[in-house]
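S.K.: just need the structure, nothing else, for what follows:
(2 chains)
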Amino acid sequence: MEKFITLTSTVVPLPIENVDTDQIIPARFLKATDKSGFGDNLFADWRYDKDGSPKADFVLNNATFSGSILVAGKNFGSGSSREHAAWAIDGYGFKVVVSSFFADIFQNNALNNGVLPVVVSTEFLAEIFESVNANPASTLTIDLLNQMITSNAGGKSETFAINAYKKECLLNGLDDIDYLLSKKTQTEEYEKARI
Amino acid sequence: MNNTENNEKRSTTPPLGGRGVDQGATLFDKIWDAHVVSSVENGPTQLYIDRHFCHEVTSPQAFNGLRARGLKVFRPEQTTLTADHNTPTINQDKPVNDPISRNQLDTFAGNAVEFNLPLYFPLGHIKNGVVHIIGPENGFTHPGATIVCGDSHTSTHGAFGAIAFGIGTSEVEMVLATQCVLQTRPKTMRISFNGKLNAGVTAKDLALYMISKLTTGGATGYFVEYAGEAIRSMSMEERMTVCNLSIEMGARGGLIAPDQTTFDYVKGREFAPQGSDWDKKRTYWQTLKTDAGAKFDEELVFDAADIQPMITYGTNPGMGMGINESIPTLDKVDEAGRISFQKSLEYMGFEAGEKLEGKAIDYVFLGSCTNGRIEDFRVFANYVKGKKKAENVTAWLVPGSWMVEKQIREEGLFDILTDAGFALRQPGCSACLAMNDDKVPAGKYAVSTSNRNFEGRQGPGARTILAGPLVAAAAAVTGRITDPR
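M.R.: Coordinates of the predicted model:
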């Protein structure tokens, strides 16, 4: 996994609530057997017409907005456990998703792929949407070490929470599986003890 | 099952999971604590997994990961595999038409062989079917167990008094490699349904009612225990429907304390404990209940008598209402949510304040891990007996497994359904997520017994109205949204 330390970027605003993983990557795109290529179908049904041409009114097709931070309405990533949603977001080039609330499994899946979910207050989220609409060139800075998100347009900052272990994993680019493999002896002892 | 001593030696978790000495433990606490292998300081718990279910869609990248690291599957006999999501529901004896789907199924088969996984049930196998249906019916699902699958509806297995939850593919790889996952301990919530359900109200209606009250994110971060008379008097099939839908309000999972109903269901199934092992396990399972005085982080109580047959009107499962009610007017929706609410109604072709009873529909889907069990087919068949399917309705009746299919025939339900103009398809997830050809066309309305009414879930542009098997049966014979009572 790639390390994540700090990031400053313009943002792509998606002010919709309850964005479910079927919207992030529809089920008919889950037939692949590897992790690559999902970015092309990120938000496929919102992004493309039936004939595959881009829908002008969807934010990913609007050249005004770009960047590696996606900002979305509350309860982002609800629904299916498909990790393909995290692969699609990562594959498209987003490194951070900001929202006021995330669904559990999506949050885990994102972290396991080096995509950082940042939870902000409802007020801060509203301010981000306002400032990016007023000026699409405005940026956010995410400082993982200090757990700080800053809206560079107005200079406002907010701290965000992250599990200390997950933070270490991201800062150092480590996977959970490395940790679990290192605990093999304990796992075997556990199995013996319970029978 | 006494690991206490070992756990305390290794664990940095406070004893009793942080509870006070005088405070009892919840059912969830008891199962969780019995599965802690180690804990990361200020971090997650290494949780041991008893049963891992795999399907073809969320596992290939995990097997690739094992291959890349040169790892084996740590406990093959604790891994059960079935193909269900990306499979046709006709002509399963013939090669799958879609080459990309076929490749995924072939990859799944290849992984089962390469990693020496004996519990692999491919298309056409008598034990094949929807993962959350074949697990319990073959006796893989036990009280007190920890169960995972790369599928959010793994919560279904909680009906047996198990900690069961959906995981992502990275975690599938972890479980394959180590039989463990790293999990943060969720908060606990108890939802009680006092009293009895009204006639004509099913477990699905109870669940849709609950989700409409909690909203789609209302239980995020929690593991839910369902309790109360209405839950206790349910069959295992009904309990599975309720636990299945836990994820639709954001919960990590949901569970119900095991009782005689549970033991009667599990006993004698092929992979259930047998003989003296059964007696030993059963004695332990009888201790699996929340102690008096145990504290939950959140407690909710509903009156079962308040619940009517339910339908959804929007594009998430929290947008539900009684079948005789009207869609909320805009002033009832909080301001921040209005854009999403309007977008949702626009997609569905409905108006705020509109009543949906009597509205014409095009498709009916009976099936899925939510309502594809034998009891759902009994309810449906009992209603349509002596009636005829509406001509304007396309009905897809998809048993959850070959065992359910067999039972439908043995109980005479097949003849009742055929006489009423219905046909059975072959088992699989089918139109629940429309990965195969069972897609509802754009703009068409489907009354569906599945679990999600998200935009495009049943096909691009498809409009899903979630309901229980009884409302689905009524819609199938009238061609309209109809109160079955």
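S.K.: touching, B:Lys389 and B:Ala395? I think so.
M.R.: Yes - the criterion here is C-beta atoms under 8 Å, and B:Lys389 meets it with B:Ala395 at 5.8 Å. Placement of C-beta: from N, CA and C, glycine included.
S.K.: so for these two, which sits in the more crowded spot?
M.R.: Taking neighbours as other C-beta atoms under 10 Å in any protein chain shown, B:Lys389 and B:Ala395 compare with B:Ala395 leading, 24 against 20.
S.K.: quick one on the thing from earlier: which residues are in contact with each of B:Lys389 and B:Ala395?
M.R.: Shared contacts of B:Lys389 and B:Ala395 (C-beta atoms under 8 Å, 6 or more residues apart in numbering or on different chains): B:Phe422, B:Ala476.
S.K.: show me what contacts A:Leu171?
M.R.: With the criterion set at C-beta under 8 Å, 6+ apart, A:Leu171 makes contact with A:Lys3, A:Phe4, A:Ile5, A:Leu144, A:Leu145.
S.K.: with A:Pro13 instead?
M.R.: A:Pro13 makes contact with A:Val59, A:Phe65, A:Val71, A:Ile128, A:Phe129, A:Val132, A:Asn133, according to C-beta under 8 Å, 6+ apart.
S.K.: export stretch A:89-99 as CSV, just CAs?
M.R.: Provided in CSV are the C-alpha atoms of stretch A:89-99 (Å, rounded to 0.1, in the frame of the first residue of the first chain):
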residue,chain,number,x,y,z
ILE,A,89,-12.5,5.7,-6.3
ASP,A,90,-8.8,5.0,-6.1
GLY,A,91,-8.6,4.0,-9.7
TYR,A,92,-10.2,7.3,-10.8
GLY,A,93,-7.5,9.1,-8.8
PHE,A,94,-9.2,10.2,-5.6
LYS,A,95,-6.9,9.8,-2.5
VAL,A,96,-9.4,11.3,0.0
VAL,A,97,-13.2,11.3,0.4
VAL,A,98,-14.6,13.9,2.7
SER,A,99,-18.1,13.5,4.2
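S.K.: in it, what's buried?
M.R.: Neighbour-count burial for stretch A:89-99 flags A:Ile89, A:Asp90, A:Gly91, A:Tyr92, A:Phe94, A:Lys95, A:Val96, A:Val97, A:Val98, A:Ser99 (criterion: 16 or more other C-beta atoms under 10 Å in any protein chain shown).
S.K.: ok now it, how far from the chain's centre?
M.R.: 4 Å (C-alpha atoms, centre = their mean, to the nearest Å).
S.K.: near chain B at all, it?
M.R.: No - residues of stretch A:89-99 are not located near chain B by C-beta under 8 Å from any C-beta of the partner chain, the shortest gap being 10.8 Å.
S.K.: B:Val181 is in what secondary structure piece?
M.R.: Element membership for B:Val181, per DSSP states H and E: strand B:180-183.
S.K.: wait, what's in contact with the residue of chain B at minimum distance from chain A?
M.R.: Going by C-beta to the nearest C-beta, chain A is nearest to B:Gly43 of chain B, at 2.8 Å. Contact analysis of B:Gly43 by C-beta under 8 Å, 6+ apart lists A:Asn163, A:Ala164, A:Tyr165, A:Lys166, B:Leu182, B:Thr184.
S.K.: from the residues you listed, which two are the most distant?
M.R.: Farthest apart among these by C-beta to C-beta are A:Ala164 and B:Leu182. That separation is 12.9 Å.
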